[in-house]
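*Asks:* return atomic coordinates for the entry below.
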Amino acid sequence: MNKKVYSILILLLSFLCVMTLTGCHSLTQRANTQDNWSKIKKDKKVTIGLDVTFVPMGYENKNGQITGFDVDLAKAVFKKYDIKPIFQQIDWSMNVTELRNGTIDLIWNGFSATPERKKNVAFTKPYLSNEQELVTLKSSHINNFNDMHNKILGAQSGSSGLNDINNNPKVLKDKIKNNYPILYNSFTNAFIDLTHGRIDGLLIDSNYANYYIAHQSDPSMYKVSTGKFPNEEFSVGLRKGDKTMKNKINAGLSELAKTGELKKICHKWFGEKYKSPLLNLEKQSQQKEG
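*Replies:* Numbers count the residues shown, from 1 in each chain. Just a heads-up that it's a prediction; the model follows:
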């Protein structure tokens with residue numbers, strides 16, 4: 001092959017690569033900006049991304065079925081529109097990427113509406129309150145965040161707790177060993193390491209912590225403490241172009257709060273240990289009407 005032909009082939013390959021990348025970028029841009037409600041309504045299905053180890057929000061039970069609070073809530077909302085939710089396992093650290101490239105339509109799995117996430121994701125109204133808790137073994141005598149000096153902390157990759165650690169270093173990051181936590185793909189694995197003493201503490205969502213500890217054979221072996229991280233609220237994450245779906249989900253959530261169905265779902269999964277901004281608004285509305 002002479003040099004001229006070789007050069008032409010290289011140019012052609014370079015052109016094809018550029019066109020492919022441009023095409024992929026265009027598809028991603030289109031997925032983020034267009035309103036997909038008509039297609040979802042026509043197909044009668046919506047794909048929801050979740051971490052299948054996130055008890056009790058959305059997880060795979062021992063029978064291999066995906067269940068949980070958010071699963072029940074999503075089914076109840078979309079039942080009103082005759083749409084079937086398809087729950088798809090994703091790498092939680094890649095949740096926003098999966099949403100933006102169109103692999104999933106929604107992130108609905110204990111997803112905190114943080115300022116950082118709002119730069120790339122649209123959010124529905126909040127439906128459940130949350131806070132970050134430090135879980136330790138009672139035998140460790142770690143009673144608060146200050147006791148974590150030079151101790152090993154665990155956190156989940158891509159979690160709002162990890163964002164809190166990085167954004168508020170004086171609260172915990174500056175205290176812990178190596179000034180950075182051990183990262184886990186799931187809270188389940190982190191709890192296993194905590195129980196076996198491989199880490200000293202675990203920063204975790206309060207809803208997960210309360211449920212997980214309550215279902216252990218000896219809940220008294222754990223201690224839970226809170227620090228000065230900002231309180232959080234769970235919302236549904238959408239692409240910014242999906243304004244119609246955002247409005248539909250908001251309307252569905254409000255209706256569930258009004259009919260009492262949201263309260264039933266909360267009670268099923270959390271007993272009396274939950275706070276819902278939607279239920280608080282509904283209660284205030286009823287008091288005004290009364």
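*Asks:* for the stretch 151-290 of the chain, what are the low-confidence residue spans?
*Replies:* 281-290 (pLDDT under 70).
*Asks:* quick one, strands of it?
*Replies:* 153-156, 182-184, 201-205, 222-226, 232-234, 237-238 (DSSP state E, counting those that start in this stretch).
*Asks:* between the ones you listed, which one is nearest to residue 88?
*Replies:* Among these, the nearest to residue 88 by C-beta to C-beta is strand 237-238 (13.9 Å). For the C-beta atoms, the positions are set from N, CA and C on the backbone; glycine is no exception.
*Asks:* residues in contact with the closest one?
*Replies:* 95-96, 99, 105-108, 111, 113, 117, 121-124, 245-246, 249 (C-beta atoms under 8 Å, 6 or more residues apart in numbering).
*Asks:* stretch 253-263 too?
*Replies:* With C-beta under 8 Å, 6+ apart, stretch 253-263 has contacts from 73, 76-77, 80, 124-125, 127, 265, 276, 278-279, 281-282.
*Asks:* walk me through the domains of this structure.
*Replies:* By the record's domain assignment, the chain is partitioned as 37-129+233-289, 132-230 (automatic domain parsing).
*Asks:* mind putting these in TSV, mean neighbour count included?
*Replies:* Formatted as TSV, the domains of the chain follow (neighbours: other C-beta atoms under 10 Å):
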stretch	mean neighbour count
domain 37-129+233-289	18
domain 132-230	18
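*Asks:* report the central residue of the chain.
*Replies:* Centroid-nearest residue in the chain: residue 111, 2.9 Å away (criterion: C-alpha atoms, centre = their mean).
*Asks:* ok, residue 113 touching residue 233?
*Replies:* Yes - counting by C-beta atoms under 8 Å, residue 113 does reach residue 233; the two are 5.9 Å apart.
*Asks:* so what sits against both of those two?
*Replies:* residue 126.
*Asks:* give the contact list for the closest residue to residue 162 other than its chain neighbours.
*Replies:* Distances taken as C-beta to C-beta, 6 or more residues apart in numbering put residue 155 closest to residue 162, at 4.8 Å, once the chain neighbours are dropped. Residues near residue 155 by C-beta under 8 Å, 6+ apart: 161, 162, 165, 181, 182, 183, 184, 190, 202, 203, 204.
*Asks:* over to residue 222?
*Replies:* By C-beta under 8 Å, 6+ apart, the contact list for residue 222 reads 135, 136, 137, 138, 213, 216.
*Asks:* farthest pair within the residues you listed?
*Replies:* 136 and 216 (14.1 Å).
*Asks:* note down every partner strand of the helix or strand hosting residue 133 and its orientation.
*Replies:* In this structure, residue 133 sits in strand 132-137 according to DSSP states H and E. Note on strand 132-137: by DSSP bridges, its sheet partners are strand 201-205 (antiparallel), strand 222-226 (antiparallel).
*Asks:* make JSON lines out of the strands of the stretch 151-290 of the chain and add distance to residue 258.
*Replies:* Shown next, in JSON lines, are the strands of the stretch 151-290 of the chain (distance: least, C-beta to C-beta, whole Å):
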{"stretch": "strand 153-156", "distance to residue 258": "34"}
{"stretch": "strand 182-184", "distance to residue 258": "39"}
{"stretch": "strand 201-205", "distance to residue 258": "27"}
{"stretch": "strand 222-226", "distance to residue 258": "32"}
{"stretch": "strand 232-234", "distance to residue 258": "19"}
{"stretch": "strand 237-238", "distance to residue 258": "22"}
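*Asks:* wait, which of the ones you listed is closest to residue 85?
*Replies:* Of all the strands of the stretch 151-290 of the chain, strand 237-238 comes closest under C-beta to C-beta, at 13.6 Å.
*Asks:* circling back to that earlier point, to residue 56, which of the strands of the stretch 151-290 of the chain lies closest?
*Replies:* Of the strands of the stretch 151-290 of the chain, the one closest to residue 56 (C-beta to C-beta) turns out to be strand 201-205, at 10.6 Å.
*Asks:* how far away from the center of its chain is that closest one?
*Replies:* A distance of 15 Å separates the centroid of the chain from that of strand 201-205, by C-alpha atoms, centre = their mean, to the nearest Å.
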